[in-house]
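Engineer: quick one, structure for this:
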Amino acid sequence: MDAWISREPTLSSDGMSVSVREGNPDIRINWRLAFALVVFAYCAFMIPQLPAFRIIVGDEPVYLDPAINLAEGTGLRSSAWWQHPSETWAGNVPLHALVSAGWISLGAGEGYVANRLMSFAFFVVALWIFAETFARTLSGMRSWQPALFAMLLLLSLYGSAISQGIRPDALAMLILAGWVFFQSSDRPLVRVLSSFIAGFLCILTGFQVALALMIYFAAIAFLDINFFRRAGEAAAAGAGFLAALVLLYWFYSRCGVWDVFWNSTFGMQANRFEQWQGLRDPVLWATTLVCLAGLFQGGATARIARAGLTGGIGLALIFFAIMKFPQYYAFFALVPSCAVAAAILPRLKPAPMKWSLGILLGSSCAISFPLVCIMTWNNWEARSYSRVETWAQQTVRPNDVAFVNPSAYFAVRPLAADIFTNATLKTLSTEERRKINLVIIWTDREGPNTSYGEIMKYLPGDWQLVSSYEATEGLSARWAKLAFLNRLSAVSPYRFTAYRRSEYPSR
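Structural biologist: Numbers count the residues shown, from 1 in each chain. I've put the predicted structure just below:
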């Protein structure tokens, strides 16, 4: 064993490895064991909770429907997107649809739990890759530091949210984790090739992922002695972006739906002042304070801290300024912020400041994910989707052509002859709308494509109320005094009303 003689961090010649030697290495346990214990505890707790930890929201059927159709052999199309169902699906995340179709074809099936499990698997693998990179670049680390990184991320308010639903963000995290890992290689060719591949895949996974990759590049630049040595990797990533755009333009133009893809990516006009939840994560701000404290330590610690601030709170603010920063984007900033906080916390001086920040980190974790768990458990029965499925079996007939709120999609799809949801309704012809004989809405929800009044503008005729479903009917929260925690979740319990057509007006 090397004698650990230095207490000051130093950068290695490759600019990516930070050597901090302190303590007695003979008493350290393998870091993978400490990290695995943390991740195993998370998996053991979360996997059984996947069916009801989060209620089904619109994005899940919207992103999975084209994958289901592709896996069934009916083509890359969707009856849940902002285009006609007969057209080639031109959503803003094509790679996720292809990967999900492969997952379904391998035997996972079309159910929401099995496909949430894919996101969960991607998240866990990505977390492990980030930890491997952490260990590769931080020489002489304590064995608990990668575990601390995992705990900060997993116990944050929204850091692990992407592991609990069907969205492309877990795939994005996996792509970014692979790129960061290969960027720590001492082989320039590996770094260049990985940058090209990551740039290519980022565009196919969403333009926001490409933006995150560029910000990560800026963060890594702070770890480099020579900024310009990263120019080759940046150029390769840019070439990957361009190659993916050319491919998408060729394919979607050939299918006549390039305008749909463009509008899906840039034309939805997300209101960032309504989708800023990621910025309220206590762990993000606590780790930011640790990074700020690291700036005053000087040397390599300050350099690492600048990387954490750029990829952490800097990324969050850039995302918010350009588009939005909802809870499912929080991981973009939390991964670098938590990693850097775990890396530099033991090096902070004086000791009272280090311990104070450590207590702050622990406190921010205690009021984040654990409180979400308590809120979920408090309303567990009301979040049960099996009760929705039972209601749908009593409401839907085999020959029904249904237009449904996206949250009812997975309950109705196996039962109805055909199903439509979301803005697809506006693209249907009059004859296609005539065939819709069942409408299921989210009770009392206002807005385009959701309220009864808006939907019936496109579906004239006589409609009769069939039945309704109220998730909280006959149920009460376990602890009524904890109802204030419900504000941690922006979605209320399931509430559906079903209407059946009794007559279509004669011409």
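
Engineer: need the pLDDT of Phe273.
Structural biologist: Note for Phe273: predicted pLDDT of 62.

Engineer: remind me which helix or strand Gly238 belongs to.
Structural biologist: Assigned by DSSP states H and E, Gly238 falls within helix 231-254.

Engineer: quick one: contacts of the next helix or strand after that helix?
Structural biologist: In the C-terminal direction, the helix or strand that comes right after helix 231-254 (DSSP H and E) is helix 258-266. Contact with helix 258-266 is made by Trp81, Trp82, Gln83, Glu87, Ala90, Gly91, Asn92, Phe207, Leu248, Tyr249, Tyr252, as judged by CB atoms under 8 Å, 6 or more residues apart in numbering. Using the backbone N, CA and C atoms, a C-beta is placed for each residue, glycine as well.

Engineer: ok so, going back, so which bits of the helix holding Gly238 are buried?
Structural biologist: Residues of helix 231-254 classed as buried by neighbour count (16 or more other CB atoms under 10 Å): Glu233, Ala234, Ala236, Ala237, Gly240, Phe241, Ala244, Leu248, Phe251, Tyr252.

Engineer: which elements pack onto the helix ranked longest in the chain?
Structural biologist: Using DSSP state H, we find that the single longest helix of the chain is helix 112-137. In terms of contacts (3 or more CB pairs under 8 Å, 6 or more residues apart in numbering; DSSP states H and E), helix 112-137 is packed against helix 31-46, helix 59-72, helix 94-103, helix 145-154, helix 169-183, helix 330-344.

Engineer: so which of those helices gets nearest Ile419?
Structural biologist: Among those, the nearest to Ile419 by CB to CB is helix 59-72 (8.8 Å).

Engineer: what's in contact with that closest one?
Structural biologist: By CB under 8 Å, 6+ apart, helix 59-72 touches 75-81, 89, 91, 93, 96-105, 110, 112, 115-116, 165-168, 406, 409-410, 421-422.

Engineer: again with stretch 234-246
Structural biologist: 192-193, 195-204, 210, 213-214, 217.

Engineer: show me where the stretch 401-507 of the chain has its helices.
Structural biologist: For the stretch 401-507 of the chain, the helices defined by DSSP state H, counting those that start in this stretch occupy 409-412, 424-427, 430-434, 452-456.

Engineer: no no, the stretch 251-400 of the chain
Structural biologist: 258-266, 282-295, 299-309, 315-322, 330-344, 351-366, 369-378, 385-395.

Engineer: and the longest one, average pLDDT?
Structural biologist: Here helix 351-366 scores 94 as its mean pLDDT.

Engineer: quick check: buried residues in it?
Structural biologist: By 16+ other CB under 10 Å, the buried positions in helix 351-366 come out as Lys354, Leu357, Gly358, Leu360, Leu361, Ser364, Cys365.

Engineer: in CSV: those residues, plus distance to Trp479.
Structural biologist: Putting these into CSV (distance: CB to CB, whole Å) gives the following:
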residue, distance to Trp479
Lys354, 37
Leu357, 32
Gly358, 30
Leu360, 27
Leu361, 27
Ser364, 23
Cys365, 22
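
Engineer: hmm, which two among those are most spread apart?
Structural biologist: Lys354 and Cys365 (16.9 Å).

Engineer: in helices, which of the contacts of stretch 234-246 appear?
Structural biologist: Counting by DSSP H, those contribute 192-193, 195-204, 210, 213-214, 217 to helices.

Engineer: just to revisit the earlier point, any idea which of the contacts of stretch 234-246 is closest to Ala402?
Structural biologist: Among these, and counting by CB to CB, the member closest to Ala402 is Leu204, at 31.5 Å.

Engineer: leaving out chain neighbours, which residue sits closest to Ser384?
Structural biologist: The shortest distance from Ser384 to any non-neighbouring residue, by CB to CB, 6 or more residues apart in numbering, is to Ala52 (5.5 Å).

Engineer: from memory that neighbour sits against Val388, does it?
Structural biologist: No. If you go by CB atoms under 8 Å, Ala52 and Val388 don't touch, sitting 10.5 Å apart.

Engineer: returning to that earlier point: next up, the contacts around the residue nearest to Ser384.
Structural biologist: With CB under 8 Å, 6+ apart, Ala52 has these contacts: Thr376, Trp380, Arg383, Ser384, Tyr385.
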